[in-house]
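J.: predicted coordinates and the sequence they were generated for:
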Amino acid sequence: GDSVTQMEGPVTLSEEAFLTINCTYTATGYPSLFWYVQYPGEGLQLLLKATKADDKGSNKGFEATYRKETTSFHLEKGSVQVSDSAVYFCALSHTGGFKTIFGAGTRLFVKA
Amino acid sequence: DTAVSQTPKYLVTQMGNDKSIKCEQNLGHDTMYWYKQDSKKFLKIMFSYNNKELIINETVPNRFSPKSPDKAHLNLHINSLELGDSAVYFCASSQDTQRGNEQFFGPGTRLTVL
């Protein structure tokens, strides 16, 4: 079956550091790929998405590129802020599948 | 306007009790979900409804019974609560499109079973 694997946390960075959170997937066909973010005490919200190979999703300074050859969708940000401290989830879904597969989540702490 | 709302936000109860969590979405979506998130933030899908029909039931104990009176509502009733049911429960909705199945989450209900 489909699965999503993302790097274990927590990841602790200083403000303005470069962020990479790795995500790889196993899936049949051509799923859509997502990054969701969960701030403390809140529900998940979509951060960015990509629906086909080589697409780049971006939002709030975060980026991720859909790499079919390496089955990856790594999340990056050039300069993190304290307000980026949250849990980040990589996910995939298929059109018509009614199910989203989530990774285990990666907690990010950013220190001032 | 809140897109996906849940009540209550916190629920503290004794083992053996029965409780319900309500969820409503005003996005006009056809599909709604219940997820359980444990203390390590692992997110597990429990149920999925499409146009009021149950389409996913992920080996959840029979003590959990979802009910969808209409497309905008998906409630979760839990009988005979156990300690292991303590978690945060999230409702979500989505509209399946050719551009992917983005999920919209509610704020969560933190259930504590004593």
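T.: Everything's here; your move.

J.: all contacts plus neighbour counts: C-alpha atoms, from now on.
T.: Will do.

J.: so who does the residue in chain A positioned nearest to chain B touch?
T.: Proximity to chain B, evaluated over chain A using C-alpha to the nearest C-alpha, is greatest for residue A:43 at 4.5 Å. By C-alpha atoms under 8 Å, 6 or more residues apart in numbering or on different chains, the contact list for residue A:43 reads B:90, B:105, B:106, B:107, B:108.

J.: what is the burial count for the closest residue to it other than its chain neighbours?
T.: Leaving aside its chain neighbours, residue A:43 sits nearest to residue B:107 (4.5 Å; criterion: C-alpha to C-alpha, 6 or more residues apart in numbering or on different chains). A count of nearby residues for residue B:107, using other C-alpha atoms under 10 Å in any protein chain shown, gives 22.

J.: contacts for the helix or strand that contains residue B:44?
T.: Per DSSP states H and E, residue B:44 falls inside strand B:43-50. Contact partners of strand B:43-50, identified using C-alpha under 8 Å, 6+ apart, comprise A:98-99, A:102, A:104, B:30-37, B:54-60, B:66, B:68, B:71.

J.: next secondary structure after that strand?
T.: strand B:53-57.

J.: adjacent strands (with direction) for that next one?
T.: As defined by DSSP bridges, the strand partners of strand B:53-57 come to strand B:43-50 (antiparallel).

J.: now do the buried residues in the strand it pairs with.
T.: Buried positions in strand B:43-50, judged by neighbour count with 16 or more other C-alpha atoms under 10 Å in any protein chain shown: B:43, B:44, B:45, B:46, B:47, B:48, B:49, B:50.

J.: what's the farthest-apart pair in the residues you listed?
T.: B:43 and B:50 (20.1 Å; C-alpha to C-alpha).

J.: cool, thanks, signing off.
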